[in-house]
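Chemist: what's the 3D shape of this:
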Amino acid sequence: MPGGTKRYDVVVAGAGIAGLSLAALLSVQARYSVLLLESGSAPGGRFRVTRRDGYLLDWGVHACLLGSRGSIGRVLRRCDSDIRIRPAGMAVFRDEKLLPFVGEHLATVLGQKVLGTASLARFGSAALASRGKRSFEITISGWLERNRSGADLESVLKALSIGLLATDSYERASVGELFAFFRQVMRRAVAAGYPEGGWGPVLDALLEAVKRSSRCEVRLGTRLERVIAPGSSVEGVTAGGEDIEAGAVVCAFPPQSLADEIDIDPPLPEVYRKRLSALEDSVGLCIEMGLNTPITKDRRIVFSVGPPALLWAVSNTSPAVAPPGKQLLQFFSPISGKMRGDKAFIERRTDELIDLAVKVYGHTPDEEFKRVMVTTIGSVVPFAGQSRPYRPGISVPGYDGLYIIGDGVNASGLGGDLAARSAIQAERLLNGYL
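Modeler: Take a look at the predicted model:
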């Protein structure tokens, strides 16, 4: 690296939930100098929040899986944050009925109405027994065929694949991912939650932890362009047209971007680059609807197979995200990437989702506004071929000091919880490396 350039112990590229979590954890340690880069004009990534007429709107639908006992809650506690993650239950809409599945605490599963006694026992035993790499290779449809499951268990697995794995491709989705998640639910006795006040306070708490440290710097509007690793050992980066010395570099963005958009010197091995490049992300139709009049008091996340959807009156869980006397309703429906530009399909699915809300809650939404967007939900959709054992590890093979974090790596969990978990694991690796 040229003389006179500034040096940091760690450069973290990407200020989404993973990058912010890692930067916050390193800042709390106060052992390392850290540079946090974000190509956008504001931190948050897919977890950024916008304000509209007194509503706080997510960029998509983001439940906090495992509630306060998940990795996001763990990171917040490390940052001395007192943000409460309020628990939320889960229900399945089937046969024109809203059926309770998992309540705000695991004990409520004893009162669930989705599975018969035999199917519930089979679900629990399968979740506990399905371990090892082989379980992640089995698809949901394959597992159902082999186990001759009843219609009730089939509907649950399909509904959960929509809401938790963000896909309705049951013939490709990994049943091992679902069972692994529910093993964590069994250990922590909670399935999901939502931050009190929405995701804005979470991002603020992480950013505040970073800013409290005199050893951490944040640069917005600055894109990572090149990783410099002569002899395959990281020495620095080029970002925003500037060469910067670094002891380690952490890429907190989708693995595909490392293969297709970032110059690495020396280049990634071709086989590894192609592997990253071939990873499929998950795409969804997300709708946020502000209602003049609440249509439900239900705090549960509702899963539906027809149409494939997740439905949530999120302001019932976190009242601060909607003005007093009003309600914020969220919809999510997974779609294939090839359909994201099909306007007729998107309009048709949007109408189906609103009709679903009427059926679920028994009232037509009194719409104040509606925001409809098709967006990337996750870096990697957990299909059997790119489920946890097949996703890239946090350490980039062949390079000392180069790491990947986010919801597309080989760490336990799903969605944002996986992203935060990868940050926790990366912190440990950096402590050992530096």
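
Chemist: which elements pack onto the helix or strand hosting Phe331?
Modeler: Applying DSSP states H and E as the criterion places Phe331 in strand 327-335. With contacts defined as 3 or more C-beta pairs under 8 Å, 6 or more residues apart in numbering; DSSP states H and E, strand 327-335 has these neighbours: strand 55-58, helix 151-163, strand 282-291, strand 309-312, helix 314-317, helix 343-361, strand 367-378. Just so you know, the C-beta spots here come from the backbone N, C-alpha and C atoms, and that holds for glycine as well.

Chemist: quick one: low-confidence parts of this structure?
Modeler: 1-5, 110 (pLDDT under 70).

Chemist: quick one: the helices in it, in order.
Modeler: With DSSP state H, the ranges of helices along the chain come out as 17-29, 71-78, 117-129, 133-137, 140-147, 151-163, 175-188, 199-212, 255-260, 270-277, 314-317, 343-361, 415-433.

Chemist: Ala246: which of these is closest?
Modeler: Closest approach to Ala246 among the helices of the chain (C-beta to C-beta): helix 415-433, 11.6 Å.

Chemist: just how off-centre is the closest one within its chain?
Modeler: Relative to the centre of its chain, helix 415-433 is centred 14 Å away, using C-alpha atoms, centre = their mean, to the nearest Å.

Chemist: in that helix, which residues are buried?
Modeler: 415-427, 429-430 (16 or more other C-beta atoms under 10 Å).

Chemist: same check, this time on stretch 335-355
Modeler: Ile335, Ile346, Arg349, Thr350, Glu352, Leu353, Ile354.

Chemist: distance of Thr238 from Ile404?
Modeler: 18 Å (C-beta to C-beta, to the nearest Å).

Chemist: which one's more surrounded, those two?
Modeler: When Thr238 and Ile404 are compared for neighbours, Ile404 comes out ahead with 28 against 18, by other C-beta atoms under 10 Å.

Chemist: give me every residue that touches that one.
Modeler: Contact analysis of Ile404 by C-beta atoms under 8 Å, 6 or more residues apart in numbering lists Val250, Cys251, Pro255, Leu258, Pro392, Gly393, Ile394, Val396.

Chemist: starting from Pro397, give me the distance back to it.
Modeler: Taking C-beta to C-beta, one finds Ile404 at 11 Å from Pro397.

Chemist: next: Gly40.
Modeler: 29 Å.

Chemist: returning to that earlier point: switch the helices of the chain over to TSV; also include distance to Arg226.
Modeler: Listed next are these as TSV, based on distance: least, C-beta to C-beta, whole Å:
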stretch	distance to Arg226
helix 17-29	18
helix 71-78	29
helix 117-129	44
helix 133-137	34
helix 140-147	41
helix 151-163	39
helix 175-188	34
helix 199-212	24
helix 255-260	12
helix 270-277	15
helix 314-317	40
helix 343-361	37
helix 415-433	21
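
Chemist: looking at the ones you listed, which is buried most?
Modeler: Using mean count of other C-beta atoms under 10 Å, the stretch among the helices of the chain with the greatest mean number of neighbours is helix 17-29 (a mean of 28).

Chemist: quick one, it and helix 415-433 angle?
Modeler: 40 degrees (axes from the mean of the first three to the mean of the last three C-alpha atoms, to 10 degrees).

Chemist: how about the CA coordinates for helix 17-29, as CSV?
Modeler: Listed next in CSV are the C-alpha coordinates belonging to helix 17-29 (Å, rounded to 0.1, in the frame of the first residue of the first chain):
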residue,chain,number,x,y,z
ILE,A,17,-28.1,-5.4,10.1
ALA,A,18,-25.0,-7.6,9.8
GLY,A,19,-22.4,-4.9,9.2
LEU,A,20,-23.9,-2.6,11.9
SER,A,21,-24.0,-5.4,14.4
LEU,A,22,-20.4,-6.3,13.8
ALA,A,23,-19.2,-2.7,13.9
ALA,A,24,-21.2,-2.2,17.1
LEU,A,25,-19.7,-5.3,18.7
LEU,A,26,-16.2,-4.3,17.8
SER,A,27,-16.8,-0.8,19.0
VAL,A,28,-18.0,-2.1,22.4
GLN,A,29,-14.8,-4.1,22.7
